[in-house]
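S.K.: Quick one, what's the 3D model for this:
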Amino acid sequence: MKIRRIVIIAAVVFLVGISSWVGYESYKDYKARVGPLREVVIDVNGVNFTMEYFVNMLDAYTAGMNSTDIYLYGNYIGGMVANDIINAELLRQGAKSLNITVTTEEIEARLNEAQLPDNEAYRDMVRAALLQEKLEKYFGSNLTDTMEQAHVQVMLVESEEVATELIAEIEAGGNFTALVTEFSCNSSIEGDLGWLPEELMPNTSIANAAFNLTPGNISQPIYDKTAIKNIGYWLIEVTDKQDDKINARAMLLGSEVEAERVRAELVSGNFSSLAMNYSQHKSKTAGGELGWLKVGNMSSTAFDTVAFNLTVNEVSEPVKDTSVQTTGGYWLVMVIDSGDHELEEKVKEGLIDKHFNDWFEEWTGNSTIENLLDASKISWAVSKVLQGR
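M.R.: Numbers count the residues shown, from 1 in each chain. Model prediction:
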């Protein structure tokens, strides 16, 4: 009996040991397979999103892509998906604060309409799209049919001297629109802007002029140090030549007037120090030194045409270049009319977009967001998606 009892106890201990070992190995395998999927990778105001959710979203976003493209661009797409998850949750929370929600029936109807799979990832994407539409309607409903607006024409010119000459020409009967074609230095903001409310004016300088000028009048030159111009002027000096190469230094200035003034200072000044003070080219920190150049290195035909024909130690005249960008310019604003005016459809759309973006930016700024997805975690998620294809 004693021996039998010992054998039974030994057997029980053995079986418990085996069970524990099997259970431990199974747990390790489960943890290896499931553990990372349960890890929280995004937190938006206390709402958590796991790696599993991220993988499913990444899978949905790349549904129409082949495996090679997913492998090549997966990390880039993963970053976009992470941002969209954050924005969708911010949208949901922000809309809820305005008592705007989306029903299950609305989501299902849109899924059926678009013939999309009925799973969590697609449901959340559809919810975000529907909330966006409802929020746009919400901000649109707050607009009046008419509001104070101004009908303006604008152009940005390179210098105060050019602006003053144009004002005199326009006041003498010159055509503003025709002069825009010749002298405007910013193609994205020029010409007739139509009727616009103050908050849709391109910048504060134009808005102030538009709502303080008497219709029919033109503003004085308005300096804007942040304005981007599609023009610049080079001062180039070649310090050495060798076969088809030149050793050169240069400055890029914002206007012909400024270039002429700086060139005059070179008589008694130092090229390097003047470049550091005035140049708008990236070489300014090196005193304008460009090193040895071949034709095409500067990606500017205007630069090459002059630089490779200069004699050694000769400083060029100002070289006009419309392939570069410089900052700082002078706005001219002409007010055609102003007062209460009916909102045109494109203006309504602009106001809705602005009001929505302002609201969303404020909501985001007041939110607590944590994105724990680094490159290695996104790569792991990409590999999980590829395993399922």
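S.K.: next structured bit after the helix or strand harbouring Thr68?
M.R.: Per DSSP states H and E: Thr68 is located in helix 67-97. Moving toward the C-terminus from helix 67-97, the next helix or strand (DSSP H and E) is helix 104-114.
S.K.: Same question for that next one: list its buried residues.
M.R.: Neighbour-count burial for helix 104-114, counted by 16 or more other Cβ atoms under 10 Å, picks out 107, 110-111. In short, each C-beta sits where N, CA and C put it, glycine included.
S.K.: Throw these into TSV and include distance to Asp224, thanks.
M.R.: Formatted as TSV, the buried residues of helix 104-114 follow (distance: Cβ to Cβ, whole Å):
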residue	distance to Asp224
Ile107	47
Arg110	45
Leu111	49
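S.K.: Let me know the closest of these to Asn99.
M.R.: Nearest to Asn99, judged by Cβ to Cβ, of the buried residues of helix 104-114 is Ile107 at 18.1 Å.
S.K.: May I ask you to confirm that the closest one is in contact with Ala129?
M.R.: No. Counting by Cβ atoms under 8 Å, Ile107 does not reach Ala129; the two are 9.7 Å apart.
S.K.: hang on, the earlier thing: so which of the buried residues of helix 104-114 would you say is closest to Asp59?
M.R.: Leu111 (16.6 Å).
S.K.: For that closest one, give its distance to Val81.
M.R.: 19 Å (Cβ to Cβ, to the nearest Å).
S.K.: And for Ala207?
M.R.: From Ala207 to Val81 the distance is 38 Å (Cβ to Cβ).
S.K.: what's the answer for Thr311, then?
M.R.: In terms of Cβ to Cβ, Thr311 sits 58 Å off from Val81.
S.K.: who has more neighbours, these two?
M.R.: Val81 (23 against 7; other Cβ atoms under 10 Å).
S.K.: ok, now which ones touch that one?
M.R.: Contact analysis of Val81 by Cβ atoms under 8 Å, 6 or more residues apart in numbering lists 54, 57-58, 61.
S.K.: In JSON lines: those residues, plus neighbour count and pLDDT.
M.R.: Listed next are those as JSON lines, based on neighbours: other Cβ atoms under 10 Å; pLDDT from 0 to 100:
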{"residue": "Phe54", "neighbour count": "25", "pLDDT": "98"}
{"residue": "Met57", "neighbour count": "24", "pLDDT": "98"}
{"residue": "Leu58", "neighbour count": "23", "pLDDT": "98"}
{"residue": "Tyr61", "neighbour count": "18", "pLDDT": "96"}
